[in-house]
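Asker: Just the structure for this:
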Amino acid sequence: MVGMLVVFWVTDLSALRFMLCLCFLLHRRYKITWYTVVERLRRRGK
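Answerer: Model prediction:
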């Protein structure tokens, strides 16, 4: 199923570009939240 979606995205460049942007934004957002979680755990450890 994932392979079919990838093929669909590749055939539609505008959709592919949109998905790349979405993935980048989500990655940045979750990276920041993950960093805050790590900081909280460090403070709790101290």
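
Asker: From now on I want contacts and neighbour counts done on CA atoms only, so please keep to that.
Answerer: Noted.

Asker: And the residue most central in space within the chain, how far from Arg43?
Answerer: Centroid check for the chain by Cα atoms, centre = their mean gives His27 as the closest residue, at 3.0 Å. Going from His27 to Arg43 by Cα to Cα, to the nearest Å gives 24 Å.

Asker: Show me what whatever helix or strand the residue nearest to the centre of the chain lives in is packed up against.
Answerer: Element membership of His27 [criterion: DSSP states H and E] is helix 13-45. Of the remaining helices and strands, those touching helix 13-45 by 3 or more Cα pairs under 8 Å, 6 or more residues apart in numbering; DSSP states H and E are helix 2-11.

Asker: Number of residues surrounding Ala15?
Answerer: 13 (other Cα atoms under 10 Å).

Asker: okay, it: pLDDT?
Answerer: What the model reports as pLDDT for Ala15 is 77.

Asker: just Arg43 next, same as before
Answerer: 90.

Asker: With that, I have no additional questions.
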